[in-house]
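Novice: got a predicted model here, sequence first, then my questions.
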There are 4 protein chains.
Amino acid sequence: RFLLDAAACAPWLRPRPAETHKGHAGHLGVLAGSPGKTGAAALLCQGAAKAGAGLVTLFVPSGLNPIMEVKLTEVMTLPISQTLEGTASLEALEGILGFMEDKEAFAMGPGSSLQPETRELMRRLVTEIRCPAVLDADALTAVSEDPAVLSRAQAPLILTPHPGEMARLTGESTGTIQADRLGTASRFSEKHGVFLVLKGHRTVVAAPDGRLAVNGSGTPAMASGGMGDVLTGLIGAFLAQGFDPFEAACLGVYIHGAAAEEVHAAVATRGLLASEILPAIPIVIGRLERSP
Amino acid sequence: RFLLDAAACAPWLRPRPAETHKGHAGHLGVLAGSPGKTGAAALLCQGAAKAGAGLVTLFVPSGLNPIMEVKLTEVMTLPISQTLEGTASLEALEGILGFMEDKEAFAMGPGSSLQPETRELMRRLVTEIRCPAVLDADALTAVSEDPAVLSRAQAPLILTPHPGEMARLTGESTGTIQADRLGTASRFSEKHGVFLVLKGHRTVVAAPDGRLAVNGSGTPAMASGGMGDVLTGLIGAFLAQGFDPFEAACLGVYIHGAAAEEVHAAVATRGLLASEILPAIPIVIGRLERSP
Amino acid sequence: RFLLDAAACAPWLRPRPAETHKGHAGHLGVLAGSPGKTGAAALLCQGAAKAGAGLVTLFVPSGLNPIMEVKLTEVMTLPISQTLEGTASLEALEGILGFMEDKEAFAMGPGSSLQPETRELMRRLVTEIRCPAVLDADALTAVSEDPAVLSRAQAPLILTPHPGEMARLTGESTGTIQADRLGTASRFSEKHGVFLVLKGHRTVVAAPDGRLAVNGSGTPAMASGGMGDVLTGLIGAFLAQGFDPFEAACLGVYIHGAAAEEVHAAVATRGLLASEILPAIPIVIGRLERSP
Amino acid sequence: RFLLDAAACAPWLRPRPAETHKGHAGHLGVLAGSPGKTGAAALLCQGAAKAGAGLVTLFVPSGLNPIMEVKLTEVMTLPISQTLEGTASLEALEGILGFMEDKEAFAMGPGSSLQPETRELMRRLVTEIRCPAVLDADALTAVSEDPAVLSRAQAPLILTPHPGEMARLTGESTGTIQADRLGTASRFSEKHGVFLVLKGHRTVVAAPDGRLAVNGSGTPAMASGGMGDVLTGLIGAFLAQGFDPFEAACLGVYIHGAAAEEVHAAVATRGLLASEILPAIPIVIGRLERSP
């Protein structure tokens, strides 16, 4: 196990060649958002764009499409069928899978809701999606009902639970998890063959092959709604750019915390909005790119 | 009685520990906004987020939900029943109370309208909400019709009237109130058992136990629409973070004025928008956190 | 006649006293916007807020209200009846007049459309409004059909035509007007008893009592859509704050140009958006306030 | 052939005279956007405004008009008939042509969709529009089905394909095109009598009279969605300001890359959003204007 800091991340993140075009930078598909929770979808997608994804497409329940078109500009939206509650419907499954066939990465869960049909859609996507995927928030709760779906996945999965979500995934108490964060993350990762990001102070990143990292970046001002959604976007963007899932997770986790430090550590331990770290993401990325 | 300045506020506001997560930072529920007055709701919620509330959820008349989803990103919304005029309906009472059961603080009134049913909803919330609450603007007018509801509250209340609203609450003239701001605030606070913030030049903060403070921060450029809504958000955020109501009110009042000075005192005595003080809130907070 | 520069404007614009509250700063009512032209309404209202109006309320065709609620935050909206084309309806007349009864100033015309019923509404407002008012854009075209309405006004009027609109008002050619800008403005002002702002390079301000000023501020980058809407907002804000109409017009014209110089004169002669001058308005105002 | 750099562009771009008004700066009409792709339309229009177009009007499928009114402020919108899929309908043809009769330039294609009727509308506009026009994105795909329409155009056309779109236009493979970028661009330009901008690293600009330029500005961080839309706006703005089409294309291409360098080259090779280059456009323009 090692400490995730600039020195650890820099070797992975090299400057792009001059010839890069948006096709090289990958296309990330995103399933996120429901009535009252569109901000989560926006933050995820913007985080991905600021971390270098070439293109980002958000699958959005059709009734929310006008909202998301206003909130997002560089990110494209694709309206999908919705349930009576206005959340993503299972009927959208084939459309999402079809669109994702030639795309590089997928992310889902933030603000998706716990509507039963939406949860079923997310579990189906876990097993049927063919590209690497990040699962966060409501997607984790959906998976908690049947963690066995994880082992039926066709492509690498990264899960990003906070301790409460981890407790739901393992059936243990939050206290037990927090008492052995490294062990919990490692065991879950190896048992289910997934990459695991256990969030919280000193976030842990675990790979099924035993690689294990502990994050050294961040500030207590990150204790606010929406921060996790941005992290999911970062990890998704690095997957889309072709990074190994463990490296993508580590880069996302380290850069997320370092960007928050960049904009707010000298300011205060409170009052940092998730969207405010977006401009600092390329600043941290650039510092890594230029490390010798 | 004492002067509210940085020296008075600093002992209350200590840096957060590194382990803070959004659950520690509190969840603020907000009832605000009606057709034509959605800006008030946005300013309140954004003020709360910038003052360190971990999560903020806005209860919004359902017809206005798309507007608020666009205006807000880190803040979540929860659409509620509405009256024919598009304002918050009494039918929303149980839903609000149920959602608020495990939340830390509540704020209501800005832009809520004076629709009779909405006023009744706000009076019912005054007596039935179980967490500390801030009452501002239209909630104060609603209470003015029956100030006795204040003594039936189950949790601490903070009222934030300007002199005109204070006049409505006491039945006196604005002139009488302005002639004895300290006495008016103290007497009302003690009589009704509520915390009182009497706004205006040199805002007064009074507690039912006799504590009394006079604010020293602010600028004449704060004489513009929406400033009070941001203040309500600040006070709500400090309540959500577990501060004593008198300290929460004092911190909100001082930081609000100091943030306005920070961004505009060197600029002009006119032309400061309420939203423009938001970025300065954590700057002022950080200065207090770092005071020895 | 005199040159409008900082030295001319400074004596009019003194710092506000510390006790100022939003009631002292005036309430501006605005009628502006139609489908496709909501930006004009937004720019007018934001210009007014940045120039120190205490409150701003926009009367908006009801179908456009959700758009304006999103675009504006500190500014309140008041949905009104609309025509089949979605523009302001004559049925709104009584409601507007009732709301304006105790307000300080009114502005109308930008983006209002040339729909016949909307033009009739604007002509009726010219004669029935009881507070000082600024007429711009489509309100000028409406008045051009019957300039005699101007002399039936009950309160001071400020008209802000560009040369093309001036030509429509006088029935002369644009060439004739540009050949004698001072004379045209003076004669029209005296004949109709209105204050006149003839826009263009070296904008002219004329009062019915013969006062005449020529503006010295501005940059060629102001040749872009929406600039005039901001100017209307500035003049409206100074009327709302109780300035004499000639001084309000002069302050608006000078500050508008100086704000554009402030943000863009060192940058380029192209590519300045109207909204980009908003932040500089209080900077210029503050410089005037602090002049000895 | 020559290198497009500051020295090559400066002689074309002289400061505007003080007397410039928005009529001198030209009016650009734009057809862009469809459900899920409104960001493309916004970026095009904003790019045009920041490059000095006096006025910009966006023709938008009527169902998307509220979205675009929120996203844009200085730019006006004109709702048009839409297909069942919510894209621009052929029925809009006469209205667009009528509105454009006295306008200076036209741009179309970004986010327009590949809906068959919308493609037919765009092909009709290619042959019937009477002012210079830029064709990008979906307009290029529409033209690919029948490149012969290009020679029936009544006014100069500028096409801005990336290599994939170029391949569709010529029927060759992307590999063949990339192997001879200069030759491909020159031959297509001469054959069809259009100006051609072949995008990618070292963008090529070709004129039917044989003029040929290779761009020297840009950064790999431009490999992200929406960048091309901004470029189309820049070129459209220079056409509207009366520049020769080859110069307009060259200015757009060079300034686009230089603006990206300005804001991001020192930051990183990833994470630059298309909208983030907008503020730098006048900075680059100003540097050219002031070159001796």
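Specialist: Perfect, I can see it now. This one's a predicted model, so the numbers in the text were calculated from it and none came from an experiment. Numbers count the residues shown, from 1 in each chain, chains lettered A, B, ... in the order given.
Novice: the longest strand anywhere in chain A close to chain D?
Specialist: When chain A is parsed with DSSP state E, its longest strand is strand A:55-61. Yes: if you take CB under 8 Å from any CB of the partner chain as the test, strand A:55-61 does meet chain D, through A:55, A:56. Quick note: C-beta positions are derived from backbone N, CA and C, even for glycine.
Novice: same for that strand, what does it pack against?
Specialist: Applying 3 or more CB pairs under 8 Å, 6 or more residues apart in numbering or on different chains; DSSP states H and E, one finds that strand A:55-61 contacts strand A:27-31, helix A:38-50, strand A:76-80, helix A:93-100.
Novice: touching the helix or strand just after that strand from outside, list them.
Specialist: Next helix or strand after strand A:55-61 toward the C-terminus (DSSP states H and E): helix A:65-71. Defining contact as CB atoms under 8 Å, 6 or more residues apart in numbering or on different chains, one finds that helix A:65-71 is touched by A:33, A:38-39, A:41-42, A:58, A:60, A:77, A:79, B:66, B:69-70, B:73, C:70, D:35-36, D:38-39, D:64, D:66-67, D:70-71.
Novice: number of residues surrounding the nearest residue in space to residue A:7 that is not next to it in sequence?
Specialist: Closest residue to residue A:7 apart from its sequence neighbours, by CB to CB, 6 or more residues apart in numbering or on different chains: residue A:291 at 7.6 Å. A total of 13 residues lie near residue A:291 under the criterion other CB atoms under 10 Å in any protein chain shown.
Novice: residue A:6 is in contact with residue A:291, correct?
Specialist: Yes: between residue A:291 and residue A:6 there is a contact under CB atoms under 8 Å: 6.6 Å.
Novice: so residue A:253 touches residue A:5, yeah?
Specialist: No: at 11.1 Å, residue A:253 and residue A:5 do not qualify as touching, with contact defined as CB under 8 Å.
Novice: and these two? which has more neighbours close in?
Specialist: Per other CB under 10 Å, whichever of residue A:253 and residue A:5 has more neighbours is residue A:253, with 27 against 16.
Novice: so the more buried one: helix, strand or coil?
Specialist: helix (DSSP: H, G, I helix; E, B strand; the rest coil).
Novice: quick check: the gap between it and chain C.
Specialist: Residue A:253 sits 34 Å away from chain C, going by CB to the nearest CB, to the nearest Å.
Novice: and what of residue A:209?
Specialist: Applying CB to the nearest CB, the value for residue A:209 to chain C is 49 Å.
Novice: same question for residue A:257.
Specialist: For residue A:257, the distance to chain C - CB to the nearest CB - is 31 Å.
Novice: where does that residue land on pLDDT?
Specialist: Note for residue A:257: predicted pLDDT of 98.
Novice: ok, it - how many residues close by?
Specialist: 25.
Novice: that one contacts residue A:220, doesn't it?
Specialist: No: using CB under 8 Å, residue A:257 is not in contact with residue A:220; the gap is 11.1 Å.
Novice: so what's the residue positioned nearest the centre of chain A closest to, chain neighbours aside?
Specialist: Taking CA atoms, centre = their mean, the centroid of chain A lies closest to residue A:232, which sits 1.8 Å from it. Counting by CB to CB, 6+ apart, residue A:136 is the residue found nearest to residue A:232 once chain neighbours are left out, at 4.3 Å.
Novice: check whether that neighbour really touches residue A:112, as I assumed.
Specialist: No: counting by CB under 8 Å, residue A:112 is not a contact partner of residue A:136; they are 9.1 Å apart.
Novice: compare the two (neighbour count), which wins?
Specialist: Set side by side, residue A:136 and residue A:112 show more neighbours around residue A:136, with 30 against 27, by other CB under 10 Å.
Novice: give me the pLDDT for whichever residue of the stretch 101-250 of chain A sits closest to chain D.
Specialist: At 7.9 Å from chain D, residue A:241 is the closest residue in the stretch 101-250 of chain A, using CB to the nearest CB. Residue A:241 carries a pLDDT value of 97.
Novice: near residue A:98, how many other residues are there?
Specialist: 9.
Novice: please apply the same query to residue A:183.
Specialist: Around residue A:183 there are 13 residues (other CB under 10 Å).
Novice: same question for residue A:61.
Specialist: So residue A:61, with other CB under 10 Å, has 27 neighbours.
Novice: next to chain B, which bits of the stretch 1-150 of chain A? Give me the list.
Specialist: Residues of the stretch 1-150 of chain A lying near chain B (CB under 8 Å from any CB): A:35, A:36, A:37, A:38, A:39, A:42, A:43, A:64, A:66, A:67, A:70, A:71.
Novice: which residues lie in contact with the residue of the stretch 101-250 of chain A closest to chain D in this structure?
Specialist: By CB under 8 Å, 6+ apart, the contact list for residue A:241 reads A:25, A:26, A:52, A:53, A:54, A:104, D:270.
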